[in-house]
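Asks: predicted model, plus sequence, below.
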2 protein chains.
Amino acid sequence: MAGDLPKADYCANSRCMSRASETAYEKIRSFILYGEARPGMQLTEELLCEIAGVSRTPVRDAVQRLENEMLLVRSASKRLSVADWSEDEIDEMFALRAMLECHATERAAQRMDAGGLKRLREVNDLLTGAVQKPRPDVATFLEANRQFHDLILDYAQSPRLSKLLPALVEQPVVRRTANQYSGEDLIQSAKDHDELIAAFAAGDQDWAGAVMTSHIRRAFHSFHLATRGSDTD
Amino acid sequence: MAGDLPKADYCANSRCMSRASETAYEKIRSFILYGEARPGMQLTEELLCEIAGVSRTPVRDAVQRLENEMLLVRSASKRLSVADWSEDEIDEMFALRAMLECHATERAAQRMDAGGLKRLREVNDLLTGAVQKPRPDVATFLEANRQFHDLILDYAQSPRLSKLLPALVEQPVVRRTANQYSGEDLIQSAKDHDELIAAFAAGDQDWAGAVMTSHIRRAFHSFHLATRGSDTD
DNA sequence: TGATCTTATATTGTATACAATTCATGTCCG
DNA sequence: CGGACATGAATTGTATACAATATAAGATCA
């Protein structure tokens, strides 16, 4: 029943996907995040055209967007390759994400209303259910988690944050290790969300911001343990 | 001797500018920042082609970059217009800039060396000279100020910050009011820079970060006074 | 052999023609 | 009159051909 993962159709968050440059963006992005792309891999526009099934013009549009999100990088001689980040850059990404999500949470706390609280609770109920099964349903968890954070971002009412944050969240390094999170990590995430909702309900922006900072930094810590914690793996 | 302002050639910070999409980017950007563009003004790709002197393909490249920097916005029906920010969005921009520049400064403090300190002092000597004249040389001040902050950003050694921050710094609202800064504001800026250098020399990242935060928030306050401080103007 | 220049190939950058969409105008019908 | 619909113009989106540039391979000469 929970077998089919969300493949490449992200219509929820993005545009209508009717235009060729949108499909190109989605397909190339999936190729990088979930496909056979590997960090440092050299790419050519023609290859990406085959992947996307459109001509070079919309592919170049998509490539520029992905360069901005730093999923693709361009060498001095204009050659494309899949981004390959250093450990320092990954750490930095988490640090920036913690700062910006904390800020977004503080803004959201100032603008939260009953409808928002209701929806946050609904989403987190779904998330909590996915976590508490004997074997956690990671796909549902990730989707509900994304919705929860998107909802907060919406309530932050900051176009600029809405532009900056998503590029820091959906990243190959995060996605690749998502399935390695322990059941306890997931349960703690659900509890963090509960406390966030309490902070929102109380209208306490400092409380909310602090919880969010802790939430992200714990994720960073889990990631650290999963990827670099033990050298026996 | 200091009469000719830097017009539209920003080769220092940017790419080689030999390609048509680069010239398009620079010219359209200048049109928005220093030219006759007005907030909310409707634009057409053809008009931008005339401004840039190139065809639509590189213009569309440039437009996408400027959309990402939020200097241009696209309506639901894909029409282009010059960005017109609300007061809240401007405040938010300063808040984000303060956070990110503080973070960059802390990183730079950890990585500062003798050569960097030397160059910071040189640039700030130039800036201090421009400030202390009977009538401050605002153009020289702005250029030296930009170099000072760019130097810190370089030493932060964070590709992601280097991508995010510039879009928050060079903005029409900032540029338009730069000439309204009082002489005291400029002198205080130079002093802030002196203290930053001292913090860097001491290797105290918290001190440096705090000075930078204060520096940006003072700029915000000056901007606030200049634009919304008095309703008698 | 090895270094440099030359030439061929591959890749990216630009212009233009055409398709798809959106906007504006005016007409028809109620 | 007033609103829905149709038609034309304006604008954006896509494909393709061509130009410019970078890489790679090979030839020439010391």
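Replies: Received the coordinates, thanks. Numbering: from 1, shown residues only, chains lettered A, B, ... in the order given.
Asks: pLDDT weak spots in chain A?
Replies: Low-confidence regions of chain A, defined here as pLDDT under 70, cover residues A:1-18, A:229-233.
Asks: which bits of it sit near DNA strand D?
Replies: Among all residues of chain A, those adjacent to DNA strand D (criterion: CB under 7 Å from any atom of the strand) are A:19-22, A:54-58, A:61, A:75, A:77-79. Yep, even glycine has a C-beta here, placed from its N, CA and C like the rest.
Asks: of all the residues you listed, which two lie farthest apart?
Replies: Within the residues of chain A next to DNA strand D, two members stand farthest from each other by CB to CB: A:Arg19 and A:Ser77, at 30.0 Å.
Asks: more neighbours: the two, which one.
Replies: For A:Arg19 versus A:Ser77, neighbours defined as other CB atoms under 10 Å in any protein chain shown are more numerous around A:Arg19 (14 against 5).
Asks: burial count for the closest residue in space to the more buried one that isn't next to it in sequence?
Replies: The spatial neighbour of A:Arg19 that comes closest, neighbours along the chain excluded (CB to CB, 6 or more residues apart in numbering or on different chains), is A:Pro58 at 7.3 Å. Neighbouring residues of A:Pro58 were enumerated by other CB under 10 Å; the total is 18.
Asks: can you pull out the strands in chain A?
Replies: Here chain A has its strands, by DSSP state E, at A:42-43, A:72-74, A:80-82.
Asks: between those strands, which one is closest to A:Ala178.
Replies: Closest to A:Ala178 of these is strand A:80-82 (CB to CB; 18.8 Å).
Asks: from chain B, how far off is A:Val173?
Replies: As judged by CB to the nearest CB, to the nearest Å, A:Val173 and chain B stand 13 Å apart.
Asks: same deal with A:Asp137?
Replies: 32 Å.
Asks: do A:Arg146 as well
Replies: Between A:Arg146 and chain B the computed distance is 21 Å (CB to the nearest CB).
Asks: again with A:Leu117
Replies: Remark: distance between A:Leu117 and chain B (CB to the nearest CB) = 22 Å.
Asks: quick check: that residue touching A:Ile197?
Replies: Yes: judged on CB atoms under 8 Å, A:Leu117 makes contact with A:Ile197 at a distance of 6.5 Å.
Asks: have a look at the two and say which one is more surrounded.
Replies: The neighbour count for A:Leu117 versus A:Ile197, taken as other CB under 10 Å, is higher for A:Ile197 (20 against 15).
Asks: burial count for the nearest residue to that one once chain neighbours are set aside?
Replies: The spatially closest residue to A:Ile197, leaving aside those adjacent along the chain, is A:Leu120, at 5.3 Å (CB to CB, 6+ apart). By other CB under 10 Å, the residues close to A:Leu120 number 23.
Asks: end-to-end on stretch A:105-120?
Replies: End-to-end distance for stretch A:105-120, by CA to CA, to the nearest Å: 13 Å.
Asks: got the contact list for A:Ser75?
Replies: The neighbourhood of A:Ser75, defined by CB atoms under 8 Å, 6 or more residues apart in numbering or on different chains, consists of A:Ser81.
Asks: now the residue of chain A most remote from its centre: how far from A:Leu96?
Replies: Within chain A, A:Ser77 marks the point farthest from the mean C-alpha position, 30.5 Å out by CA atoms, centre = their mean. Spatial separation of A:Ser77 from A:Leu96 under the definition CB to CB, to the nearest Å is 29 Å.
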